[in-house]
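**Student:** Predicted structure and sequence below. I'll ask about it afterward.
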Amino acid sequence: MKKLLSVLALVFLPAIAAAQQAPVIQQETLEIGTSTNEIAITSDFSGADLTVFGAINDADPILLSKGRYDIVVILEGPKAEADVRRKERFFGIWVNRQTISFEHVPRSYSISSTRPLEDVTSPQTLNSQGIGVSHLRIAPVGYFGDASDVATFREAMLRLNAVDGIYDAEYDGVKFVSNSLFRASLRLPVNIPQGTHTVQAYLFKEGRQIATQNLPLQVVKTGLEAQITTAAHDYPLFYGMSAVFIALFSGWFASVIFRKN
């Protein structure tokens with residue numbers, strides 16, 4: 001028995017010692033913060049810039065010096081269902097002829113990165129993670145028809161959101177301020193919806209996504225705008241009657257001022 005134990009010790013002790021001496025490979029991690037955790041919409045709100053700053057922990061200095069790390073930062077608004085309509089002329093009148101509804105559509109979307117997304121990683125990764133306006137994971141609701149129509153309506157919706165300024169992309173907006181510290185700037189449009197938004201940061205290493213971090217951002221209305229919004233949702237009848245009364249009073253008052261003698 002002692003001889004067997006001695007043989008086992010001779011076999012396994014070198015492997016155990018090697019395992020104990022083997023270096024532990026540390027995975028890079030990501031930390032982020034924002035310049036503010038709440039955006040207040042007032043009567044003179046004309047848009048704002050959100051600064052996101054962060055750091056890469058346990059980064060390889062050689063890869064950092066070669067620019068092998070990439071950062072993508074996204075500010076995504078609350079999601080809702082969106083209808084896209086196609087107008088056609090019918091007896092000389094433009095009417096809605098076809099409508100497709102999409103679900104899980106961000107009501108606002110801003111993205112910033114160290115370089116163009118196609119240089120950061122593969123299209124497959126962008127599609128699987130939903131990174132980038134063109135790669136958003138939105139699908140039609142209850143539509144049974146030609147798939148080409150879905151693609152056409154989807155592109156039209158993304159294009160209109162970009163024209164309205166609620167979808168924005170800046171593919172060189174993330175800057176490294178030191179070896180592992182970075183800063184990103186995201187544009188908040190004037191018509192940004194209120195609610196809980198999400199700041200998402202992705203870390204890529206030589207094209208592979210290795211870390212991600214999320215932070216909430218609250219967008220709220222304050223002052224008179226907040227009171228009007230609350231009245232419209234909580235007291236719709238009173239709000240409607242007040243709007244009609246104000247319109248009638250304004251019309252009567254204008255007629256008195258500009259009345260000809």
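**Tutor:** Perfect, I can see it now. Residues are numbered from 1 along each chain as shown.
**Student:** Show me the strands in the stretch 101-250 of the chain, by range?
**Tutor:** Shown for the stretch 101-250 of the chain, the strands assigned by DSSP state E, counting those that start in this stretch span residues 109-113, 139-140, 167-170, 174-176, 181-188, 195-205, 208-221.
**Student:** so which of those comes closest to I41?
**Tutor:** Comparing these by their distance to I41 (C-beta to C-beta), the top pick is strand 208-221, with 4.7 Å. Heads up, the C-betas are built off the backbone N, CA and C, glycines and all.
**Student:** what ranges of the stretch 151-261 of the chain fall below the confidence cut-off?
**Tutor:** Per-residue confidence of the stretch 151-261 of the chain (counting by pLDDT under 70) places the weak regions at 223-235, 238-239, 259-261.
**Student:** repeat that for 90
**Tutor:** Scanning the stretch 151-261 of the chain for pLDDT under 90 picks out 151-153, 164-165, 171-172, 178-180, 187-191, 194, 220-261.
**Student:** which helices and strands sit right next to the top helix by length along the chain?
**Tutor:** Among the elements of the chain assigned as helix by DSSP state H, the one spanning the most residues is helix 236-257. With contacts taken as 3 or more C-beta pairs under 8 Å, 6 or more residues apart in numbering; DSSP states H and E, helix 236-257 sits against helix 224-234.
**Student:** Tell me how many other residues crowd I111.
**Tutor:** 23 (other C-beta atoms under 10 Å).
**Student:** what bridges to it?
**Tutor:** When bridges are called by DSSP bridges, I111 pairs up with I74, A169.
**Student:** Hmm, it is touching V72, no?
**Tutor:** Yes: using C-beta atoms under 8 Å, I111 makes contact with V72 at a distance of 6.9 Å.
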